[in-house]
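Chemist: Fold the stuff below for me.
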Amino acid sequence: MAPRIRLFTGYPPLAKSLPSRWIFVVALLCGTASLAAGPPTSENAYCAKGDIPHFGDKDGPAQLPTACYYTGVDGTPSPGKQIRVSAKSDFMAALADARCGDTLLLAAGASYEVSDLPSKKCDDQHYLTVRTDTPDSRLPPEGTRISPAWAGIGELPGRPKYSQPAGGPAKLMATLIVRRPSGAVVGDHYRFIGIEWTSDASANVSRLVSTEKADHVIFDRNWFHPADGAEVAKGVGMVQGARFIAVINSYFTGLNCVARSGKCTDATAVGGGSGNDPTGTFKIFNNFLEASGENILFGGSGASVNPTDIEIRRNHLFKPMIWKEGEPGYTPSPSGNPYIVKNNFELKNAQRVLFEANVLENSWGGFTQTGFSILLTPKNQNNRCPKCQVTDVTIRYNRIRNVGGVFQISNGLSKTKGVSAGGGRYSIHDVIIDNVHDRDFKGHGAFLALLSTAPPVHDLWIDHVTAFVPGPLLAVKSMDAKIDNFVLTHGVFSTGGRRPGVASAGGGPGNCATHTEAKGADMLLKACFSNYTFDKNLVIAERGRLPSGALVVSPESAGIRDLKDGVSHNPRLCREKMPGCAKVSPGAGAAPGGRDLGADVDAVEAAIAGVE
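Modeler: From the prediction side, this is the model:
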């Protein structure tokens with residue numbers, strides 16, 4: 001039975017007489033988009049054994065993934081021999097002799113050099129398992145995130161506290177040391193359990209692991225990090241024909257690029273999307289993902305194909321604040337220069353992506369970006385990817401905090417004026433955002449910067465979002481054509497007072513918003529969108545220059561239980577007068593079906609429980 005989630009697919013009779021682009025709007029206004037208890041949280045909630053997907057059809061305009069990877073241990077059997085690899089043995093020699101279905105047991109606390117792990121043309125019933133010889137009883141249970149404590153590291157400065165083995169930190173993992181500059185390349189049908197991946201401090205390593213042309217590979221309860229003080233840009237690269245790759249229950253730290261003196265500019269924990277061979281069916285589940293650039297990035301290099309069917313759920317995307325200049329405990333790179341920080345999650349080339357139940361924390365500007373947390377920006381990078389597109393992306397039940405801006409959605413040109421294949425069919429709902437900054441994070445503090453050049457952005461639907469920002473609710477730039485099918489409904493927002501709530505994002509006289517901003521939000525929307533719905537949004541604003549579909553209120557009359565200076569630990573609306581609720585919120589019960597405006601806080605909290 002498929003999990004019960006909120007899908008915008010059942011339309012009332014009135015919708016039959018309307019153009020398809022308005023069907024979702026009718027569903028919202030008539031209450032067909034029903035309230036659900038939130039998404040399931042288990043590792044294989046959307047995927048049955050045999051890689052049978054259960055995502056459902058669509059969420060709003062976005063097609064959900066149509067393929068999945070079942071990652072339960074019971075679906076990746078290794079029925080062959082168990083081969084013990086002692087601390088002084090040659091791991092690569094032992095691996096060369098192993099056969100499909102064997103298990104290599106590496107000595108806990110020992111280190112082994114690793115180069116390329118060969119493809120042995122195995123099958124789904126004969127995985128090669130490479131794991132620590134620590135018994136399962138002393139590892140985190142299947143489906144549970146590991147931490148550096150299983151490698152003997154009790155805490156890391158500036159990072160959240162993490163889980164510990166019974167009895168405290170201990171060296172229970174085996175270590176693979178990468179010396180190859182482009183990373184260890186993995187073959188087919190591998191499962192890694194309880195492995196620490198790191199670099200040789202004396203080698204110029206740019207990536208730890210590459211899954212180039214890999215097929216059916218699972219990294220389960222692994223720790224990825226550079227050698228102390230080393231500049232390593234990439235953790236796991238899903239590139240060049242990689243198929244059925246999963247990173248689950250793992251921990252990534254220290255991936256970084258250094259400003260001015262460094263050898264790279266884009267550090268990413270997990271991502272990929274380059275190449276000319278079919279690429280996709282990726283699962284990124286229940287990981288702690290740290291990188292100075294993008295915690296997750298797909299695209300950004302040459303490709304003639306699009307990575308497809310990407311499931312990203314229950315991850316903590318994090319940057320330590322000790323990397324930000326001026327913060328207490330600021331710790332620069334060994335050269336004394338800061339790390340290059342960009343964003344938490346970016347797509348430049350991807351199709352059918354589910355981004356659900358993640359926590360995104362800490363992003364600031366000062367380099368080539370301005371601290372936005374999520375970027376959906378198809379890019380024909382260096383004119384080497386005219387087929388690059390970002391389409392069918394669902395973002396739901398997430399929590400975002402302490403960032404310089406929330407969403408940047410842009411169909412833009414490359415620096416050499418190359419046009420991508422475009423972006424659209426985005427569904428964003430049930431997301432909670434607070435503690436957003438502007439000048440102190442060298443950011444704009446906006447909820448949404450929507451930038452459309454060529455081809456135009458289309459089918460962007462945002463529903464039931466709660467966001468407290470110091471900048472505009474919406475900043476728009478559309479240069480060549482109007483944006484088609486924009487929906488922003490049933491939200492709860494606060495905006496700052498320095499700029500109008502709906503504003504121009506610059507771009508000069510060619511921007512539809514440049515001359516209309518002063519005429520009011522409704523005029524700006526009419527000038528920039530071929531059709532739009534802005535309805536039933538509760539907005540705390542110092543200025544009333546918002547679309548006519550906004551219910552503009554003061555902070556005192558908003559009726560939000562816990563909101564102070566843009567931070568809210570409990571953004572539920574007040575339904576009655578009680579401690580913490582001096583007034584009933586005008587947004588309480590104001591959405592179809594008696595639902596409150598804003599994100600379903602109960603559903604979001606249930607979805608992300610245990611993610612941090």
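Chemist: For the stretch 451-600 of the chain, give me the ranges with low pLDDT.
Modeler: 543-544 (pLDDT under 70).
Chemist: swap the cut-off to 80 and go again
Modeler: By pLDDT under 80, the low-scoring segments of the stretch 451-600 of the chain are 542-545.
Chemist: So which residues of it form strands?
Modeler: 458-463, 466-468, 474-478, 483-489, 492-494, 502-504, 529-535, 537-540, 550-553, 560-564, 567-573 (DSSP state E, counting those that start in this stretch).
Chemist: Quick check: which ranges of the protein have low pLDDT?
Modeler: Answering for the chain: the residues below the bar, that is pLDDT under 80, span 1-37, 542-545.
Chemist: Could you export the strands of the stretch 451-600 of the chain to TSV, including columns for distance to Ala94?
Modeler: Just so you know, the C-beta spots here come from the backbone N, C-alpha and C atoms, and that holds for glycine as well. TSV is the format used below for the strands of the stretch 451-600 of the chain (distance: least, C-beta to C-beta, whole Å):
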stretch	distance to Ala94
strand 458-463	52
strand 466-468	53
strand 474-478	57
strand 483-489	57
strand 492-494	58
strand 502-504	62
strand 529-535	61
strand 537-540	61
strand 550-553	65
strand 560-564	56
strand 567-573	51
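Chemist: okay if I get the ones you listed as CSV plus mean neighbour count and distance to Ser414?
Modeler: Shown next, in CSV, are the strands of the stretch 451-600 of the chain (neighbours: other C-beta atoms under 10 Å; distance: least, C-beta to C-beta, whole Å):
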stretch, mean neighbour count, distance to Ser414
strand 458-463, 24, 20
strand 466-468, 27, 30
strand 474-478, 26, 17
strand 483-489, 23, 20
strand 492-494, 27, 33
strand 502-504, 24, 23
strand 529-535, 19, 25
strand 537-540, 23, 34
strand 550-553, 19, 36
strand 560-564, 17, 41
strand 567-573, 18, 38
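Chemist: what's the closest of those to Arg221?
Modeler: strand 567-573 (30.8 Å; C-beta to C-beta).
Chemist: what sits up against the helix or strand following the closest one?
Modeler: Using DSSP states H and E, the helix or strand that follows strand 567-573 in sequence is helix 601-608. Applying C-beta atoms under 8 Å, 6 or more residues apart in numbering, the external contacts of helix 601-608 come out as 36-39, 41, 314, 356-359, 397-399, 430-432, 466, 570-572.
Chemist: okay, the angle between helix 601-608 and strand 567-573?
Modeler: 130 degrees (axes from the mean of the first three to the mean of the last three C-alpha atoms, to 10 degrees).
Chemist: Mind listing what's buried along helix 601-608?
Modeler: Val601, Ala603, Val604, Glu605, Ala606, Ala607, Ile608 (16 or more other C-beta atoms under 10 Å).
Chemist: can you give me the angle that helix makes with strand 560-564?
Modeler: Using the same axes, to 10 degrees: helix 601-608 against strand 560-564 is 60 degrees.
Chemist: I'd like the distance from helix 601-608 to the chain centre, please.
Modeler: Relative to its chain's centre, helix 601-608 lies at 17 Å (C-alpha atoms, centre = their mean, to the nearest Å).
Chemist: Can you dump the C-alpha atoms of that helix in CSV for me?
Modeler: Provided in CSV are the C-alpha atoms of helix 601-608 (Å, rounded to 0.1, in the frame of the first residue of the first chain):
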residue,chain,number,x,y,z
VAL,A,601,3.5,22.4,11.8
ASP,A,602,2.6,19.1,13.2
ALA,A,603,3.3,17.3,9.9
VAL,A,604,6.7,19.1,9.5
GLU,A,605,7.8,18.3,13.1
ALA,A,606,6.8,14.7,12.7
ALA,A,607,8.6,14.5,9.3
ILE,A,608,11.9,15.9,10.7
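Chemist: one step back: out of the contacts of helix 601-608, which are buried?
Modeler: Neighbour-count burial (16+ other C-beta under 10 Å) applied to the contacts of helix 601-608 gives 38-39, 41, 314, 356-359, 397-399, 430-432, 466, 571-572.
Chemist: Bridged to the residue lying closest to Pro148 once chain neighbours are set aside, which residues?
Modeler: Leaving aside its sequence neighbours, Pro148 sits nearest to Trp223 (C-beta to C-beta, 6 or more residues apart in numbering; 5.6 Å). Counting by DSSP bridges, Trp223 is bridged to Glu196, Tyr251.
Chemist: Measure how buried Trp223 is and give me the count.
Modeler: When neighbours are counted by other C-beta atoms under 10 Å, Trp223 registers 23.
Chemist: My guess is it contacts Ile146. True?
Modeler: Yes - with contact defined as C-beta atoms under 8 Å, Trp223 counts as touching Ile146 (6.5 Å).
Chemist: Next, show the common contact partners of these two.
Modeler: Joint contacts of Trp223 and Ile146 (C-beta under 8 Å, 6+ apart) are Met173, Ser250, Tyr251.
Chemist: Pull the contacting residues for the second one.
Modeler: To tie it back to what came earlier, the one meant is Ser250. Arg145, Ile146, Phe219, Asp220, Arg221, Asn222, Trp223, Phe224, Asn287, Phe288.
Chemist: Please apply the same query to the first one.
Modeler: Under the criterion of C-beta under 8 Å, 6+ apart, the contact partners of Met173 comprise Ala108, Gly109, Thr132, Thr134, Ile146, Trp150, Ala151, Gly194, Ile195, Glu196, Trp223.
Chemist: Now do the contacts for Asn286.
Modeler: Glu43, Gly143, Thr144, Arg145, Ile248, Asn249, Arg313, Arg314, Asn315, Val611.
Chemist: Sitting in strands, which of these do you find?
Modeler: Judged by DSSP state E, the subset of the contacts of Asn286 located in strands is Ile248, Arg313.
Chemist: could I get the contacts of Asn286 as JSON lines with distance to Ser163?
Modeler: Output for the contacts of Asn286, formatted as JSON lines (distance: C-beta to C-beta, whole Å):
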{"residue": "Glu43", "distance to Ser163": "17"}
{"residue": "Gly143", "distance to Ser163": "13"}
{"residue": "Thr144", "distance to Ser163": "8"}
{"residue": "Arg145", "distance to Ser163": "7"}
{"residue": "Ile248", "distance to Ser163": "15"}
{"residue": "Asn249", "distance to Ser163": "11"}
{"residue": "Arg313", "distance to Ser163": "19"}
{"residue": "Arg314", "distance to Ser163": "15"}
{"residue": "Asn315", "distance to Ser163": "15"}
{"residue": "Val611", "distance to Ser163": "13"}
